[in-house]
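A.B. asks: Build me a structure from this.
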Amino acid sequence: MVVLAAAVTNKTGKVLLSRQFMEMKRIRIEGLLAGFTKLVGKGKKEHSLIETDEVRYVYQPLEGLYVLIITNPQSNIMEDLDTLRLLSKLIPQYCEGTSEADVAGHTFELIFAFDEVVNNGFKEYVTLQQ
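C.D. replies: The predicted model follows:
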């Protein structure tokens, strides 16, 4: 499993936090995140993943936000969901709430916590307590 990036966006697509784990140009990640907003807006609300030819978006709604990871399509979906679940638990733990202001106020703490979970694109086997 290779996690290309992890991000937190609001429902309208504004990027609050983005962390790339693989070498990628800024224009590419901005394009991927803009593509996610368009795809999730017209997609069915039953699923928590969207696949394209190039990437897979695995996301979880968290009140007014989306927590998402961008992986390659060949990655193991079960590991992707496990990684996403752990990243989603970090936001309430490091922030007082799950609003845009809470995430913006704790951006660096969240980035460091994301780095503990994913290293060089691969999930580290850690628990929330670690």
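A.B. asks: so where is the protein shaky, pLDDT-wise?
C.D. replies: Low-confidence segments of the chain (pLDDT under 70): 1, 42-47, 120-130.
A.B. asks: Enumerate the beta-bridge partners assigned to the residue nearest to the spatial centre of the chain.
C.D. replies: Geometric centre of the chain, nearest residue: Leu68, 2.7 Å, by Cα atoms, centre = their mean. Taking DSSP bridges, one obtains Ala7, Tyr59 as the residues bridged to Leu68.
A.B. asks: Distance check, it against Lys89.
C.D. replies: 15 Å (Cβ to Cβ, to the nearest Å). No exception for glycine: its C-beta is placed from N, CA and C like everyone else's.
A.B. asks: re earlier: dump the residue contacts of the residue nearest to the centre of the chain.
C.D. replies: When contacts are counted by Cβ atoms under 8 Å, 6 or more residues apart in numbering, Leu68 touches Ala6, Ala7, Val8, Thr9, Phe36, Tyr57, Val58, Tyr59, Gln60, Leu84.
A.B. asks: quick one: the strands in this protein?
C.D. replies: Counting by DSSP state E, the chain has strands at residues 3-10, 15-20, 49-51, 56-62, 65-71, 118-119, 122-123.
A.B. asks: Let's have the ones you listed in CSV, adding distance to Ser99.
C.D. replies: Below are these laid out as CSV (distance: least, Cβ to Cβ, whole Å):
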stretch, distance to Ser99
strand 3-10, 9
strand 15-20, 10
strand 49-51, 25
strand 56-62, 10
strand 65-71, 8
strand 118-119, 24
strand 122-123, 27
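A.B. asks: which one of those is the most hemmed in?
C.D. replies: By mean neighbour count, with neighbours taken as mean count of other Cβ atoms under 10 Å, strand 65-71 ranks first of the strands of the chain at a mean of 25.
A.B. asks: Measure how it sits relative to strand 15-20, angle-wise.
C.D. replies: If you take axes from the mean of the first three to the mean of the last three Cα atoms, to 10 degrees, strand 65-71 sits at 20 degrees to strand 15-20.
A.B. asks: Show me how far strand 65-71 is from its chain's centre.
C.D. replies: The chain centroid and the centroid of strand 65-71 are separated by 3 Å under Cα atoms, centre = their mean, to the nearest Å.
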